[in-house]
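Chemist: A predicted structure for the sequence below; I have some questions about it.
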Amino acid sequence: MIPEESVAYALAAWKRFDDNVPDGLLRAVSGAFVLVAAADGELAREEADRFFEVVRSKAEVFSPIELHDLEKAYSDLSEAIITDPEDGKRLALECVARVKGVPHHAELVKSAAEIAAAADGKLETVERSVMRNVRSALGI
């Protein structure tokens with residue numbers, strides 16, 4: 001299970017982000033989230049619902065991000081992973097890697113992955129592996 005401090009740190013990273021959220025960043029955030037959500041081999045809608053509940057409950061923190069756009073990007077990447085798991089995961093990781101070299105974007109994406117990992121209340125070994133892949137793609 002991810003400590004509450006990690007989730008709080010992740011939320012603080014979102015708060016530091018400015019009002020300009022490029023589509024590439026939305027795709028990267030969604031990619032990180034979908035990779036973690038699919039880590040155990042299942043893409044559970046309940047995990048997505050909990051993730052988006054956190055986003056909605058912290059509206060002031062997430063205000064720079066259009067929730068509808070984030071949900072759409074997540075949905076598109078989910079479809080890619082359900083349709084072709086290997087290619088979908090590759091696509092999601094490519095989306096994550098697009099923000100490499102932009103420190104505050106990379107931090108935001110890492111934070112999204114941490115929140116996604118905390119969504120089901122436990123951190124599995126496979127989720128830890130995906131988190132390493134996300135951090136590696138981000139150059140962290």
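Modeler: On my side now, so go ahead.
Chemist: separation between Leu43 and Val34?
Modeler: When distance is defined by Cβ to Cβ, to the nearest Å, Leu43 is 7 Å away from Val34. C-beta: built from backbone N, CA, C; applies to glycine.
Chemist: who touches both of those two?
Modeler: When contacts are counted by Cβ atoms under 8 Å, 6 or more residues apart in numbering, Leu43 and Val34 have 78, 81 as shared neighbours.
Chemist: the bottom helix or strand of the protein by mean pLDDT?
Modeler: Sorting the helices and strands of the chain by mean pLDDT, DSSP states H and E puts helix 4-16 at the bottom, at a mean of 55.
Chemist: Pull up the per-residue confidence for the residue most central in space within the chain.
Modeler: With distances taken as Cα atoms, centre = their mean, the residue of the chain nearest its centroid is Phe33 (2.8 Å). Phe33 is assigned a pLDDT of 85 by the prediction.
Chemist: how about it, secondary structure?
Modeler: Secondary structure, DSSP: H, G, I helix; E, B strand; the rest coil: Phe33 is helix.
Chemist: contacting residues for Asp76?
Modeler: Here Asp76 is in contact with Ser30 (criterion: Cβ under 8 Å, 6+ apart).
Chemist: Can you list the buried residues in the strand or helix carrying it?
Modeler: Per DSSP states H and E: Asp76 is located in helix 67-83. Using 16 or more other Cβ atoms under 10 Å as the burial criterion, the residues of helix 67-83 that qualify are 70, 73-74, 77-78, 80-81.
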